[in-house]
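Q: here are the coordinates; sequence isn't available:
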């Protein structure tokens, strides 16, 4: 699955924030109805690492377990 498809697949199930800190990617997942820009928003999953593909794959695996996809 391409990087673009992984991102689009993730968007079907959650809202998310993806950002970098130095040479590390950070990914936070939020429930679909939550606006990640809201200062009171709480993420339901988060992780970070240097490999963006691995990070997206882990997030998709988590969604599969949580949402039964």
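A: Done, it's in. Predicted, not measured: the structure shown is a model, and the values here were computed from it. Numbers count the residues shown, from 1 in each chain.
Q: Show me the helices in this structure, by range?
A: 3-11, 52-67 (DSSP state H).
Q: can you list those helices in a markdown table and add mean pLDDT and mean neighbour count?
A: In short, each C-beta sits where N, CA and C put it, glycine included. Conversion of the helices of the chain to a markdown table gives the following (pLDDT from 0 to 100; neighbours: other C-beta atoms under 10 Å):
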| stretch | mean pLDDT | mean neighbour count |
| --- | --- | --- |
| helix 3-11 | 94 | 13 |
| helix 52-67 | 96 | 15 |
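Q: Reformat those helices as JSON lines; add distance to residue 29.
A: Compiled in JSON lines, these are given as follows (distance: least, C-beta to C-beta, whole Å):
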{"stretch": "helix 3-11", "distance to residue 29": "8"}
{"stretch": "helix 52-67", "distance to residue 29": "6"}
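Q: So for residue 28, which of those helices sits nearest?
A: Comparing the helices of the chain against residue 28 with C-beta to C-beta, the closest turns out to be helix 52-67 (9.4 Å).
Q: What is that closest one packed up against?
A: Contact here means 3 or more C-beta pairs under 8 Å, 6 or more residues apart in numbering; DSSP states H and E; on that basis helix 52-67 packs against helix 3-11, strand 24-30, strand 45-49.
Q: who does residue 47 bridge with?
A: residue 27 (DSSP bridges).
Q: who's in contact with it?
A: Residue 47 is in contact with 26, 27, 55, 58, 59, counting by C-beta atoms under 8 Å, 6 or more residues apart in numbering.
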